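**Q** quick one: sequence plus predicted model below, questions after.
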Number of protein chains: 4
Amino acid sequence: MSKGVKIVTIGGGSSYTPELVEGFIKRYDELPVRELWLVDIEAGKEKLEIVGNLAKRMVAKAGLPIEVHLTLDRREALKGADFVTTQFRVGLLEARAKDEKIPLKYNVIGQETNGPGGLFKGLRTIPVILEICKDIEELCPEAWLVNFTNPAGMVTESILRYSNIKKVVGLCNVPIGMRMGIAKSLNVEPERVQVNFAGLNHMVYGLDTFVDGVSVQEQVIEAMANPDNALTMKNISGLSWEPDFIRGLGVIPCGYHRYYYKTDEMLQEEVEKAETEGTRAEVVQRLEKELFELYKDETLDIKPPQLEKRGGAYYSDAACSLINSIYNDKRDIQPVNTRNNGAIASIPEDSAVEVNCVITKDGPKPISVGDLPVAVRGLVQQIKSFERVAAEAAVTGDYNTALLAMTINPLVPSDKIAKQILDEMLEAHKEHLPQFFTKIEA
Amino acid sequence: MSKGVKIVTIGGGSSYTPELVEGFIKRYDELPVRELWLVDIEAGKEKLEIVGNLAKRMVAKAGLPIEVHLTLDRREALKGADFVTTQFRVGLLEARAKDEKIPLKYNVIGQETNGPGGLFKGLRTIPVILEICKDIEELCPEAWLVNFTNPAGMVTESILRYSNIKKVVGLCNVPIGMRMGIAKSLNVEPERVQVNFAGLNHMVYGLDTFVDGVSVQEQVIEAMANPDNALTMKNISGLSWEPDFIRGLGVIPCGYHRYYYKTDEMLQEEVEKAETEGTRAEVVQRLEKELFELYKDETLDIKPPQLEKRGGAYYSDAACSLINSIYNDKRDIQPVNTRNNGAIASIPEDSAVEVNCVITKDGPKPISVGDLPVAVRGLVQQIKSFERVAAEAAVTGDYNTALLAMTINPLVPSDKIAKQILDEMLEAHKEHLPQFFTKIEA
Amino acid sequence: MSKGVKIVTIGGGSSYTPELVEGFIKRYDELPVRELWLVDIEAGKEKLEIVGNLAKRMVAKAGLPIEVHLTLDRREALKGADFVTTQFRVGLLEARAKDEKIPLKYNVIGQETNGPGGLFKGLRTIPVILEICKDIEELCPEAWLVNFTNPAGMVTESILRYSNIKKVVGLCNVPIGMRMGIAKSLNVEPERVQVNFAGLNHMVYGLDTFVDGVSVQEQVIEAMANPDNALTMKNISGLSWEPDFIRGLGVIPCGYHRYYYKTDEMLQEEVEKAETEGTRAEVVQRLEKELFELYKDETLDIKPPQLEKRGGAYYSDAACSLINSIYNDKRDIQPVNTRNNGAIASIPEDSAVEVNCVITKDGPKPISVGDLPVAVRGLVQQIKSFERVAAEAAVTGDYNTALLAMTINPLVPSDKIAKQILDEMLEAHKEHLPQFFTKIEA
Amino acid sequence: MSKGVKIVTIGGGSSYTPELVEGFIKRYDELPVRELWLVDIEAGKEKLEIVGNLAKRMVAKAGLPIEVHLTLDRREALKGADFVTTQFRVGLLEARAKDEKIPLKYNVIGQETNGPGGLFKGLRTIPVILEICKDIEELCPEAWLVNFTNPAGMVTESILRYSNIKKVVGLCNVPIGMRMGIAKSLNVEPERVQVNFAGLNHMVYGLDTFVDGVSVQEQVIEAMANPDNALTMKNISGLSWEPDFIRGLGVIPCGYHRYYYKTDEMLQEEVEKAETEGTRAEVVQRLEKELFELYKDETLDIKPPQLEKRGGAYYSDAACSLINSIYNDKRDIQPVNTRNNGAIASIPEDSAVEVNCVITKDGPKPISVGDLPVAVRGLVQQIKSFERVAAEAAVTGDYNTALLAMTINPLVPSDKIAKQILDEMLEAHKEHLPQFFTKIEA
Ligand SMILES: [Mn+2]
Ligand SMILES: [Mn+2]
Ligand SMILES: [Mn+2]
Ligand SMILES: [Mn+2]
C-alpha cells in the first residue's frame, strides 16, 4: 500500500458522500487516500456528477493529492481497491417510499431496516451486494468491504453466509449516536464515555456505560426514564419511554427499539406523519433535493452544514475511523457488525452481530459479552431469525420463505396480513426482484 | 414402595379429578395405587367433597383397594407421598376471568398461559407452588412432583430455578392432542404416529412426524395448510393457517401458536366471543357448574362423558402414563416439561423446555434435537425470556420486573399499554399477590 | 421393503460372520432377512468361501428362506441394499500385528483403536470406507450403514465429516460387555440393568447405573474398586484399578481406559505378552486359524462355541438388535456411535460420540447427558482431537497432519518418538497408504 | 482515589519485589502510587526487611513520595487498598524442591505449575488465597486482586469458583516472553509485534502473530521449527521442536508445552539436572541467596541487573502495565487470566482462561477467539480438568479427589504411580495441608 490507499465507494452519488470526503480529508496524515472512486449506476449519473464535482472541489480546497474518479463502471473501479464502501439504494428513495407506505395501508409499520420494509430492502439489495462480493473476490481480493447499506445487519449476515468474502464489516451510526447522546445528557465530553454495545444492527443495547472507566449505567437509565431528557436520534421519533420499564430493562435501548417496545404508539405516529409531512422517505426526498441544489453551487467547497439534518450524523466519523483503524492497526474499540464468534452466547457463532470490537488490520475482533440479559434475548433472537429467513428468501427467491420472514417479523400481526402485504409489495417492487419473478414465470 | 403407591393431588377438588381416577383404575395392575389423597383449600371444600365422593364411588365400582382421602391439610397429606400432582387455581375461575377480560379492555389478548393473563396466573401461582416444594422437601423428599398447573412452562422454570426440588415434571395435553389430531387427519391409529416434539409449553412444535417410523411430515404440513382439515384443539380457535406460511415454516405449530402468528384475528375473535358467549373462563365456569351437578348424582360411579368437552382431553392419559412410566421405569417416549440439559441448543441448559423424553424411574431424559429451525428460535426464545422475567417478578414482587415481563410479551403492543394493564391487574388480583402489596405498603 | 430385507456385509469373510448369521436367524420373525450378501476382496476369497458355506449350512438348518450370496463384486452386492454392515480389515491381521509391534519397539503401546496403531488402522481404512460411502450414495441411497470396523469412532467421525452419507451408525460391543459385566458382578439378570453410557468409542463411561430404574452406581463403583471383582473384558488386561481413584472418578470406565489411566502397567504387560504369547494380533491370528479349521467342517451347521473366545462377545446381539430396532422402529435404548447433536455439551454438535440413543427407523436419537464429569472431559476431548486430526490426515495424506495426530495421542511421549514411529509405520504400511505415497512421489 | 493509589503486595519479601518497585517508579506520572505495603509472614521477616529497605532506597533515589510500609499484619495492610498483588509461596522454596524431587523418584516430572508439583502447590496455596479473598471482601472490597502466585491458572479458577471476589486477574510473564522472543527472532521491535494469545496459564498458544497488523504466523512457525532459532524461556529447557510437528500444529506453543509434547525428553533432562545442578528450586535457592546478599548492600538503590537471570523477566512490565491500564482505563490489549465468558468456545464460560483482553477500569474484557484449533483442544481441556479437580481437592481436602487430580494429570502414567506420589507428597507437605490432615485425624 506504499502508493497510498485506494477507496471505492459504491453508490458514490449519495448525498452522504461529502461526509466521507470530509472524513478522509481530516485524516489524511494518517490515512493517505490516493484514489477515491465514486461509482454509481446510469440512473444515478446526474447526482454522481453533482456530488463528485463537490468532492473534487473539497479536495482541491484542502490542497491534497487525492484523485477523485467518477464512474459507472464498477468493475473498472474495483481493480486493486484497498477499501470498498457501499451506500447504495436499489430502487432509490421511490422504493423506500413504497416500503414505508404499503405496510401502513394494512396498519403495519414499514420500518425500512428490521420491519416489512427492511425485508423488501433486503430482497432488492442482497442479490446486488452478492454480485459485488463476486467482483471483489476477483478484482481486489485483499480489500475490506465496509457496508453502510441498510438493512446492514441482514446484509452482513448474507455476505457471511452466502459469499466467499470474509473481510467485511457492517457499519451503522446508531451506536455512535447513542454515545454522543449519553455524553450530552450527562454533560461530559464524548471521549470520556464508553458504552458496552451488544446486539444486532438497529437492535443494539448499551449493556453498561462508563465515564472515565467508572460505570454510570444507573444515571443513564434515569436519564432515559426522564421524558425531558430521553436520548433520541434525528430520524426516529422521540416518544418517551415508560420510566419503570426502562428501569426494569436495566440496559439502554437504541432509538429503533421504540418500534418493538412501543409498536402501537409508533404506528399511530407514522400514520399521522404519513398524512401530514409524508413518510420518512418522502421527507428525505425533499431534503435530498435541497441538498443537491446546494451541492450544485460551484462555489461550495466544503461539506454544507445542512447535511447533518439528513440523519447521517457521525457516519463520516464512524466510517473513516473504522477504515483508519483497520489501515493503521489501531486496536481501538468500535461497535461494528461482524461475525459473532462466540462474543454473544445466545447467537450462533457464525451469525452477524453488532458488538464492540477491537479494530485491527486483521479486522474487527469482538469482545466477549457472555450473554445478553434474559429479558432482551427473545427480541434479539427474533430479529436474528427474521434476518436469516429474509436472507434465505433473498437468495432463493422462494415465495414461502419470504412469507415466513414477513410473518415472523414482530411488527406483523398475522400470517394473513403478512401475505397481503407481501403480495402487494412483491408486485410493487417487481422490477427489482428478478429472483422471484423470473422463477415464477419460468 | 412395596406397600403400594401413595398419590397426593393438590387441587383435588378440580373437575378434572375423575379423569385421573379413571386413569389410575385402568392402570391398577401395573400401577397399584394404594392411597389417593385429594387436597384442597377451604374455599374449595364443597367441590372437593362432591368430586371426592364421586372418586370413592368410582373406586368402589372398580372393586379396587384404593383408599381415597379428602383433606384440607396439605402437610398431612404429603407425608411419605410417592407422587404429588398439582392442578390448582389460585383465585379460581374468577381470577382467570379477570386475566382474560382486563387485557381485552386494552385491545390485548389475555391468554391465560403465555400472555398477560399467564403473567398474572404465574404471579399468583408461583409463590404457592414454591411453598409446596418446601413441604415436599421436608415431608416426602423422594416424591415426584407432576405439575399440571398452568402456566406449566413458567411454573416448571420457577421450580427448577427457585426451589430445591429436582424431581419435577411439567405436563400438558397439547402434544398428545396434536398427535391425536394428526393421526385422525392421516386416518391412521394414534399408536402408529410419532411426533418429534420440541419447544416450550404451549409453544411446542412438531419438528417431524412419522407413521411406523417413516416421515410423513410433508403430508401433515399439507393437511395443516388445508383449511378444511387443519388440526385444532377444543379450547383454541380453529382459525385456519395461511397455507404458504405453514409450508414455509415446515414444522407443525400447536394450537396456541395462533395467538402469535395470528394475533390480530385471534384478538378479533376473542372480542366477539367475550361479547357473546363470554370469555373462556366464563364458558368453563358454566361447564364446571354443569359437571358438578352431574358429579353430585350419587348413582354416578364412572367418569361422565360430558367431562371431555371441558378441554382436558387426554390429561388423564398423559398424567397416568407419565406416572406409570416413572414408577415402572418404562423407558418409553413422552413429551414433557423438564430441564433442557442441552437437548435444544439455543435454550440455556438449565431452563425448562417441552421436549420428547425417555421416561425412566430416574425421571425424564430429553432426546437431543440439535436446534430448532431458525425461523422459530426467535419466538420460542421470546416466550422463554417472558417466562424467566415473569418468574423473577413472581419471586421478588418487584414492580419494574413485572412491567418488563408484561412489555416483552409478544401480545402486548407497547410499554405504555403494558403499564396500564399491569396496574389494573395488580389491583384486581391484589388479594392473591402479597409479594407486591406487602412490600409496597411496608 | 415388503419383499424382505437385503443385508450386505462388507468383509463378509470375517470369522465373526457366524455371529451375525446366528443373530439374523434368531430374529427372523421380526426381521425377515431375504438376502444376505457376504462381500470380500480377492485376498479374502478363501475365507469368504469357508465362512459363507457355514452360513449357508446354518440357514439351511434353521429352515429359513434367507438367500446367502458370496461375492467379490461390492458394487453388485450393494444394489438396493437395506443395511450395509462393514467389518473389514485393510491389510488383514498382518497389518494389525505391525500396528502393535512397531510402537512397542519405541516403548509405546500400539493400541489398535485409539493409539498409534489406531491412527494407522484409520489411515488405511478411512479412504476405503469413504469409497464405500460413495457406492452406497449411488447404489442404495436409502440404506443404513452399520459400521463395526475399527477404529469405529474415527471411522464414524470421518463418514459424518467427509461423506454425504447421513444414515450411518458406528457399533461396538464394549458397552454391552460392560452392562453384562455389571449385571454379573451385581448378580442380577442383564435385562434389569441400565447404564447411562456416554463418551467416545473405546472411551465410554457409565455415568450412572440402574437396576430396575434405581441407581446402584455406588455399588458398581465399589465392585470396580475391588480387585477380585473388577469388571473386565476378554481382549483387555484385567489389571486392577486403584480403588480410591475409581471412587474419586465416580463413573465407570471401560476396559480400554486402562491404556490411559494405567499406561505404564499396560505397557509392561504388553511388552511381556509380546515376548511370550505374542501381540494380540498374533494371538488372534492363531485363534482365527483354529476357527477357520472348525468352519471348514461340513457337518458344522451352528455357530461354534469357540467363537466366543475371539473377543467379539455380544457383537451379534449388538448388531442384530440395532438393525432390528431400526427396521421395526422399536424406539428402545442402545449405546451407539452417532452425531452428537448436543447430547454431550463439551463435544461439538457435529462430531461422533458414543452415547445412549433411542433407536428409530429414522436412526439413533441421542439422549442428552448435559456434560461429562469435569474430570473426564479432558481425556475424552483429547481422543476426540486425535480422531479428528487423524481423520484429516487420512483424507489429505498430509505428513505433518499425521505427525500431529501421532504426537497428540496420549500414549505417545514426545514429538521425536512420534516421528520415529510414524516414519517406520508409514514405510511398513506403504502399500495400503496411497494417499501418502502417491503424493510424495508426484 | 484522589489521595493516590494504595498497593498491597502479599509475599512482599520476594526477590521479585525490586522489579515491581522499579515498575511503579517508572510509571509514577500516570500511576501515582502513594502507599506500597509489603506484607509477609513471620518466617519471611528477614527477607522482607532486606528487600523492603532496598525498595525504600529505590524510591528515595527516584525522589518520589511513595510510602513503603513493611508489615507482618496482612489485615492492617489491606484496609482501603486499591490493588492487592500476591506473590507468595506457602512452604517457601523448600516446598518447591519437594514438589520437584518426589515425583522424579517415580520417574515423573514434578512441574511446579501444571504437573504433580503444581497440584501440591495448589493444595498448599488455594486455602491461603481464599482466606486473603475473605479479607479483601471485608477490608477493601473495591480492590483489584492481581495474582502472580503459581499455579496461576488453578488459583484464578479457585478464586472465581470458591470466593466472592470478582475483581481478580491472574498474571504470568510467559505471553510477554513469547512476544519478546518472537520479536527478537524476527528482528523487529517488540512494540510492532502482536500475538493472538489463547489457552490456559502455562498452556497458552499464539494462534496468530502480526507485525504492524500483518500476519507473519508462517514465518514464526518456521522460526520455531528451526532448532537454531527456537523461541525459548530462561526457566525452561530449550529442547528443540520436531519441525514437522510444529508445522502441523500451526500455532505457537509456549515453553511449558515441552512438558506435554516432549514429556520423555524433558524427563531425561530433569533427571540429569537434578543429579548435577539440582532441581530448578535448588538453582533458584542459590540465585535467591546471591540476590539477597546483593540486596543487603546499603549502597544499592536500583534494581540489580542480576535479578533478570531469576526467570521473572518482564514480570514488572506485565504487572505494572496491567495495574496502570486498570487504573487509567487504558483499553489496551494484554493477555491475562480471567473468566472465559465465551471467548474460547470449548472452555466453560465460568472457567479461567489466559487470553488477550481489553484492559479497562472495569477489568479485563476477553476478546473472542471462537475456538482453539482442534488439535490443541484436548490437551487444553485436560489441563482445565486437572485444574478444576485439583481446586476441588484443595477446598475439600478429599483424598480421592486429590488422587483423581493426580491421575488425570498428563505427566502421570498410572493410577498406581499417582497414588504412590500422592501419598509421599501428602506426608512431605503435611504441615501445610491442614485440610487433609485435620480431617483424617478428626
Ligand atoms: Mn444504521
Ligand atoms: Mn397445557
Ligand atoms: Mn469396539
Ligand atoms: Mn507464569
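**A** All right, it came through fine. Ligands and ions are numbered 1, 2, ... in the order given.
**Q** residue contacts, the closest residue to chain B within the stretch 151-300 of chain A?
**A** Per Cβ to the nearest Cβ, residue A:248 is where the stretch 151-300 of chain A lies closest to chain B, at 3.4 Å. Yep, even glycine has a C-beta here, placed from its N, CA and C like the rest. Residues near residue A:248 by Cβ atoms under 8 Å, 6 or more residues apart in numbering or on different chains: A:375, B:398, B:400-404, B:407.
**Q** which of these fall in helices?
**A** Mapping these onto helices (DSSP state H) picks out A:375, B:400-404, B:407.
**Q** could you dump those to JSON lines with distance to chain D and neighbour count?
**A** Below are those laid out as JSON lines (distance: Cβ to the nearest Cβ, whole Å; neighbours: other Cβ atoms under 10 Å in any protein chain shown):
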{"residue": "A:375", "distance to chain D": "19", "neighbour count": "21"}
{"residue": "B:400", "distance to chain D": "24", "neighbour count": "18"}
{"residue": "B:401", "distance to chain D": "23", "neighbour count": "23"}
{"residue": "B:402", "distance to chain D": "28", "neighbour count": "29"}
{"residue": "B:403", "distance to chain D": "28", "neighbour count": "27"}
{"residue": "B:404", "distance to chain D": "24", "neighbour count": "30"}
{"residue": "B:407", "distance to chain D": "27", "neighbour count": "29"}
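**Q** what kind of secondary structure is the residue nearest to residue A:216 when sequence neighbours are not counted in?
**A** Nearest in space to residue A:216, with sequence neighbours left out and distances taken as Cβ to Cβ, 6 or more residues apart in numbering or on different chains, is residue A:209 at 5.5 Å. What DSSP: H, G, I helix; E, B strand; the rest coil gives for residue A:209 is strand.
**Q** my guess is residue A:209 meets residue A:192, correct?
**A** No - Residue A:209 lies out of contact with residue A:192 (Cβ atoms under 8 Å); the separation is 11.0 Å.
**Q** who has more neighbours, these two?
**A** Using other Cβ atoms under 10 Å in any protein chain shown, the more surrounded residue of residue A:209 and residue A:192 is residue A:209, with 26 against 14.
**Q** and the more buried one, bridged to which residues?
**A** Per DSSP bridges, the residues bridged to residue A:209 are residue A:195.
**Q** that older thread, helix, strand or coil for the residue of the stretch 151-300 of chain A closest to chain B?
**A** Look at residue A:248: counting by three-state DSSP, its state is helix.
**Q** what about residue A:16, neighbour count?
**A** So residue A:16, with other Cβ under 10 Å, has 23 neighbours.
**Q** pull the most distant pair out of the ones in helices among the contacts of residue A:248.
**A** Largest separation among the ones in helices among the contacts of residue A:248 by Cβ to Cβ: A:375 and B:402, giving 11.8 Å.
**Q** how about the residues of the stretch 251-400 of chain A by chain B?
**A** Selection of the stretch 251-400 of chain A residues close to chain B by Cβ under 8 Å from any Cβ of the partner chain yields A:261-265, A:346, A:348, A:374-379, A:381-386, A:388-389, A:398-400.
**Q** and these, which are buried?
**A** Among those, those scoring as buried are A:261-265, A:346, A:348, A:374-379, A:381-386, A:388-389, A:398-400 (criterion: 16 or more other Cβ atoms under 10 Å in any protein chain shown).
**Q** OK, contacts around the closest residue in space to residue A:145 that isn't next to it in sequence?
**A** Closest residue to residue A:145 apart from its sequence neighbours, by Cβ to Cβ, 6+ apart: residue A:168 at 4.4 Å. Neighbouring residues of residue A:168 by Cβ under 8 Å, 6+ apart: A:144-147, A:156, A:159-160, A:338.
**Q** of these - the most surrounded one?
**A** Ranked by neighbour count (other Cβ under 10 Å), the contacts of residue A:168 have residue A:156 at the top, with 31 neighbours.
**Q** so for residue A:113, what's the nearest residue that isn't a sequence neighbour?
**A** Using Cβ to Cβ, 6+ apart, the nearest residue to residue A:113 is residue A:151, at 4.3 Å.
**Q** what's near enough to touch that neighbour?
**A** Residues in contact with residue A:151 (Cβ under 8 Å, 6+ apart) are A:112-114, A:118, A:121-122, A:125, A:201-202, A:387.
**Q** next, count neighbours for the residue of the stretch 151-300 of chain A found nearest chain D.
**A** Closest to chain D within the stretch 151-300 of chain A is residue A:213: 2.7 Å, counting by Cβ to the nearest Cβ. A count of nearby residues for residue A:213, using other Cβ under 10 Å, gives 18.
**Q** beta partners for residue A:83?
**A** Going by DSSP bridges, residue A:83 forms beta bridges with residue A:7, residue A:144.
**Q** write out the residues of the stretch 301-442 of chain A neighbouring chain D.
**A** A:328-329, A:331-333, A:340-345, A:349, A:358, A:360-362, A:365-371.
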